[in-house]
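K.L.:
build me a model:
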Amino acid sequence: MEELVRTTDPVLISHVEALMGETDIIYFVADTNMSILDGSLGFLPRRIMVETDRIKEARDLMKSAGLEDYLKEV
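P.N.:
All right, here's what the predicted structure looks like:
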């Protein structure tokens, strides 16, 4: 799996999950438990990981949704 997005923004995470849920791209939200430990401080980001062979498709989906500014640099 490869990292698609790294963020502390729960709204962005929900949005990306909804986008991925509309496709058959397998994704995983990593570091959820660690970000809960920081409470509401928001300094431990969560990462959205996607299948390595579908990363380009996931990036294109994010771009078409206007979320290209949040993509991990390649």
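
K.L.:
mind checking how far the helix or strand containing Val11 is from the chain centre?
P.N.:
Assigning secondary structure by DSSP states H and E places Val11 in helix 10-21. The chain centroid and the centroid of helix 10-21 are separated by 7 Å, computed with Cα atoms, centre = their mean, to the nearest Å.

K.L.:
how about the strands in the chain?
P.N.:
2-7, 27-30, 46-50 (DSSP state E).

K.L.:
among the ones you listed, which is the most enclosed?
P.N.:
Of all the strands of the chain, strand 46-50 has the most neighbours on average by mean count of other Cβ atoms under 10 Å, namely a mean of 22. Using the backbone N, CA and C atoms, a C-beta is placed for each residue, glycine as well.

K.L.:
can you list the weak-confidence ranges in this structure?
P.N.:
For the chain, applying pLDDT under 70 flags the ranges 33-43.

K.L.:
perfect, I'm done here.
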